[in-house]
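Peer 1: fold the following, please.
(one chain, ligands or ions: 2)
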Amino acid sequence: MDNCVFCKIVAGEIPSKKLYEDDKYLAFFDIAPMAPVHFLVIPKQHILTGISDINDDNADLVAGALKIAARLAKEQGLTSYRIVTNCGPDAGQTVFHLHFHVLGGTTLSNQMA
Ligand code: AMP
Ligand code: ZN
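Peer 2: Ligands and ions are numbered 1, 2, ... in the order given. The predicted structure is shown next:
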């Protein structure tokens, strides 16, 4: 997808601090961390702009991203953490390529909105 920062990261056109990569997924640390541990998990292919695009054809891909997020959180030593996906501009979404934030390493705010 043209002009998508995460597609550019996948393509290696923009550097990132990679945490995990396989043929379908990439995880990398957020450039502007909101917690001591803050990384993003994305499907490499720009199939979904956000979670609102989930459907029967791509639900397995979405679930796979969550499975990797939980595994990486454990590998990072997190026992408590939050997985967030912002959906739409009013929710704070700025990159329209599905991604899950994984945040931890501190006591997280109980503010959900
Ligand atoms: P959202 O605002 O939920 O769409 O999340 C997008 C996230 O991508 C933000 O937390 C940004 O800090 C992060 N981000 C944007 N550009 C980069 C980049 N080049 N490398 C790592 N993270 C990035
Ligand atoms: Zn993209």
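Peer 1: ok, Pro15 to ligand 1 distance?
Peer 2: Going from Pro15 to ligand 1 by C-beta to the nearest ligand atom, to the nearest Å gives 8 Å. Glycine gets a C-beta too; all of them are placed from N, C-alpha and C.
Peer 1: for Val102, same thing?
Peer 2: Computed as C-beta to the nearest ligand atom, the Val102 to ligand 1 distance reads 11 Å.
Peer 1: report the distance from the host helix or strand of that residue to the chain centre.
Peer 2: Under the assignment given by DSSP states H and E, the secondary-structure element containing Val102 is strand 100-104. The chain centre lies 7 Å from the centre of strand 100-104; the measure is C-alpha atoms, centre = their mean, to the nearest Å.
Peer 1: quick one: contacts for Met1?
Peer 2: Contacts here follow C-beta atoms under 8 Å, 6 or more residues apart in numbering; on that basis Met1 touches 7, 46, 97.
Peer 1: quick one, longest strand in the protein?
Peer 2: Secondary structure of the chain per DSSP state E: the longest strand is strand 37-43.
Peer 1: and the next helix or strand past it?
Peer 2: Counting by DSSP H and E, what follows strand 37-43 is helix 59-75.
Peer 1: which strands border whichever helix or strand comes after that following helix, and is each parallel or antiparallel?
Peer 2: The helix or strand immediately downstream of helix 59-75 is strand 81-84, counting by DSSP H and E. Partners of strand 81-84 in the sheet, by DSSP bridges, are strand 100-104 (antiparallel).
Peer 1: buried residues in stretch 44-60?
Peer 2: For stretch 44-60, the buried set under the neighbour-count rule, 16 or more other C-beta atoms under 10 Å, comprises 44, 46, 48-50.
Peer 1: closest to Tyr81 among those residues?
Peer 2: For those, the closest approach to Tyr81 (C-beta to C-beta) belongs to Gly50, at 20.7 Å.
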